[in-house]
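Undergrad: Here you go, sequence then predicted model.
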Amino acid sequence: MEGFENFIGFNPWTALFTLFNFILVFLILRKFLFKSVKKMIDDRQKEIDGLYADAESKQAEADGLRKEYEQRISAAKTEAAEIIRTAGKEARRESDGIILDAKYEASMIREKAERDIALSKKRAMNEMKDEISGIAMEIAEKLMAREITAEDQSALVDEFIRKIGDEA
């Protein structure tokens, strides 16, 4: 059992040697391992911070581009509304011009028609006067060719009126 007591028992020299080994391993690890691990962790932290900063700058840039896009869309909508408004005004102006031209042409056609009607009426009156004159001349010739009684004169006047009525 002595071997078992030595295994479980407390030996100050072994404890001191174990403590010395622990401190030595700690210092060696601190000198070589902890500094390089710490440096690696710090480098990784800087890289992550850089990625976050880059992501934030990209986010800010995207926000700026989004705002610029929204402004351009708004400007385009405003410009489109102005173009539509201008086109509407131009269309109204053009339609007013077309209506004025149509009214002018209608008045010109109406005036020409009135002139043509007046001319036709004048021609018809002249033709009627010519025919009345011709008929009156015939009656006058007949009256001169013979002596007329009152009954003959009345019959000639009735015939004259009947001819005028037939021709009108």
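TA: The structure has been received and is ready for your questions.
Undergrad: And residue 121, which helix or strand is it part of?
TA: helix 35-145 (DSSP states H and E).
Undergrad: elements contacting that helix?
TA: Contact analysis of helix 35-145 by 3 or more CB pairs under 8 Å, 6 or more residues apart in numbering; DSSP states H and E lists helix 150-167 as its packing neighbours. Just so you know, the C-beta spots here come from the backbone N, C-alpha and C atoms, and that holds for glycine as well.
Undergrad: buried sites along the helix it packs on?
TA: For helix 150-167, burial by neighbour count (16 or more other CB atoms under 10 Å) applies to 156, 163.
Undergrad: Just want the angle from it to helix 35-145.
TA: Here the directions of helix 150-167 and helix 35-145 differ by 160 degrees (axes from the mean of the first three to the mean of the last three CA atoms, to 10 degrees).
Undergrad: Now do helix 150-167, average pLDDT.
TA: Helix 150-167 comes out with an average pLDDT of 76.
Undergrad: Can I get that helix in CSV, CA atoms only?
TA: Extracted in CSV, the C-alpha atoms of helix 150-167 (Å, rounded to 0.1, in the frame of the first residue of the first chain):
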residue,chain,number,x,y,z
ALA,A,150,-113.2,95.0,-124.1
GLU,A,151,-113.8,91.3,-124.1
ASP,A,152,-110.8,90.6,-126.3
GLN,A,153,-108.6,92.7,-124.0
SER,A,154,-109.9,90.8,-121.0
ALA,A,155,-109.3,87.5,-122.7
LEU,A,156,-105.7,88.6,-123.7
VAL,A,157,-105.0,89.7,-120.1
ASP,A,158,-106.3,86.4,-118.7
GLU,A,159,-104.1,84.5,-121.2
PHE,A,160,-101.1,86.6,-120.2
ILE,A,161,-101.7,85.8,-116.5
ARG,A,162,-102.2,82.1,-117.3
LYS,A,163,-98.9,82.0,-119.3
ILE,A,164,-97.0,83.7,-116.5
GLY,A,165,-98.5,81.3,-114.0
ASP,A,166,-97.5,78.3,-116.2
GLU,A,167,-93.9,79.5,-116.5
